[in-house]
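Colleague: pasting a predicted model and its sequence here:
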Amino acid sequence: MAFLQFTQLACVSALSVMLTTWAATSAIAETIKVGLVDFALRHDALKRFDRVKVRSITFETSEMTAARYQSSKNAKGHADVMAAELVESFQGAAPGVFLELYVASPFLEDPNTGRQSIDFEQLEFAYDWFARQGVKIVAQTFVSRDNENLERAIATASKEGLVLLTSAGNGPRQNVVPPFPASYNDAIGISTTGLSDELNTEERRNDYVRYSVPAPAASPIKLRQDPEAAVLAGSSRATVTAAGLLGALSTRYRLDNRADAVLVLDALAEPVAEYGHSAYGIGVLMQDNVATHLKSGATHPRLRRLLRDDRLSA
């Protein structure tokens with residue numbers, strides 16, 4: 001998406017929606033915070049979930065408004081779908097834990113033409129906002145070309161200690177190849193295991209994919225006929241699913257930076273060679289594996305130094 005430079009911020013809205021009260025019997029006292037960079041979120045998008053608080057921020061100018069829909073074919077806002085997938089992933093692996101989801105939407109749309117763009121200056125502001133709110137893990141579903149404004153924003157996120165899980169894209173017919181920011185060293189590229197016919201055309205996909213996430217089962221015909229189902233097959237959904245799993249793992253491990261996150265995910269990912277098909281990177285992140293690990297008292301030797309109790313008592 002093209003860079004838009006704005007000199008005036010017309011509207012910044014911070015919305016806080018408490019969807020339920022804290023469960024008194026929760027197994028963990030600390031709230032887990034996860035960030036999401038996506039299109040604008042509908043206020044009541046997550047009302048069906050318990051133990052979730054949502055905070056969102058959008059940007060507008062006199063010429064542009066906040067963008068909600070990835071395309072006119074989709075009946076649901078992109079962020080609505082992605083946020084729900086993130087929450088389901090988190091709660092499936094860490095049931096009963098309270099989640100605060102911070103959503104930043106630096107995507108703008110020209111109301112006259114429908115043209116959508118991302119404002120990289122406001123993306124950098126969003127990273128600063130995440131960090132000030134105590135967020136560490138951030139999922140971002142967009143794919144862009146390499147440019148100095150995006151590179152500067154990602155560098156800011158890295159300096160703030162954010163762990164960026166970012167979409168590795170859905171192939172050359174949908175986005176630029178190689179995809180950014182997944183190709184930056186400070187990011188963690190996430191791929192779907194779906195859309196293999198398209199993704200297998202990328203000769204160097206493993207250069208910018210660290211992990212894959214299984215796509216929901218759906219026939220090629222269904223994916224062609226139903227844009228909503230197609231969204232769930234892509235790397236955007238894989239990215240938010242991975243962020244939900246990493247958020248769940250942060251109930252047990254203290255993840256201070258990208259290196260900590262990679263250490264944990266490397267240890268728990270199923271090797272690509274064992275997964276057997278349509279996977280990229282070094283491993284596949286499976287919700288069942290993460291949930292089982294969190295229920296177990298066993299800890300991989302390499303991860304012991306990251307245990308929350310160990311870090312807190314050190």
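Modeller: Looks like it came in fine.

Colleague: now do the contacts for the residue nearest to Gly234 when sequence neighbours are not counted.
Modeller: Closest residue to Gly234 apart from its sequence neighbours, by CB to CB, 6 or more residues apart in numbering: Asn170 at 4.7 Å. Where you see a C-beta, it was placed from the backbone N, CA and C, and this is true even at glycine. Listed by CB atoms under 8 Å, 6 or more residues apart in numbering, the contact set of Asn170 reads 192, 195, 198-199, 234-235.

Colleague: what separation is there between Asn170 and Val143?
Modeller: 8 Å (CB to CB, to the nearest Å).

Colleague: follow-up on the earlier one: which of the contacts of Asn170 fall in strands?
Modeller: The strands, defined by DSSP state E, take in Thr192 from those.

Colleague: out of the contacts of Asn170, which are inside helices?
Modeller: 198-199, 235 (DSSP state H).

Colleague: please indicate which of the residues you listed are buried?
Modeller: Buried members of the ones in helices among the contacts of Asn170, scored by 16 or more other CB atoms under 10 Å, are 199, 235.

Colleague: which of the ones in helices among the contacts of Asn170 scores worst on pLDDT?
Modeller: Minimum pLDDT across the ones in helices among the contacts of Asn170 is recorded for Glu198, with 90.

Colleague: surely that residue touches Asn175?
Modeller: No: look at Glu198 against Asn175 with CB atoms under 8 Å: they stay out of range, at 10.5 Å.

Colleague: low-confidence ranges, this protein, go.
Modeller: Scanning the chain for pLDDT under 70 picks out 1-29, 72, 75, 218-230, 310-314.

Colleague: partner residues bridging the spatially most central residue of it?
Modeller: Among the residues of the chain, the one closest to the centroid is Ala139, at 2.1 Å (CA atoms, centre = their mean). Taking DSSP bridges as the rule, Ala139 bridges to Leu36, Leu165.

Colleague: what's near enough to touch it?
Modeller: 34-37, 82, 86, 165-166, 239-240, 242-243.

Colleague: can we see that at 6 Å?
Modeller: 36, 165, 239-240, 243 (CB atoms under 6 Å, 6 or more residues apart in numbering).

Colleague: neighbour count and distance to His293 for these - can I get that in JSON lines?
Modeller: Converted to JSON lines, these look like this (neighbours: other CB atoms under 10 Å; distance: CB to CB, whole Å):
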{"residue": "Leu36", "neighbour count": "26", "distance to His293": "24"}
{"residue": "Leu165", "neighbour count": "32", "distance to His293": "18"}
{"residue": "Thr239", "neighbour count": "33", "distance to His293": "21"}
{"residue": "Val240", "neighbour count": "31", "distance to His293": "20"}
{"residue": "Ala243", "neighbour count": "30", "distance to His293": "17"}
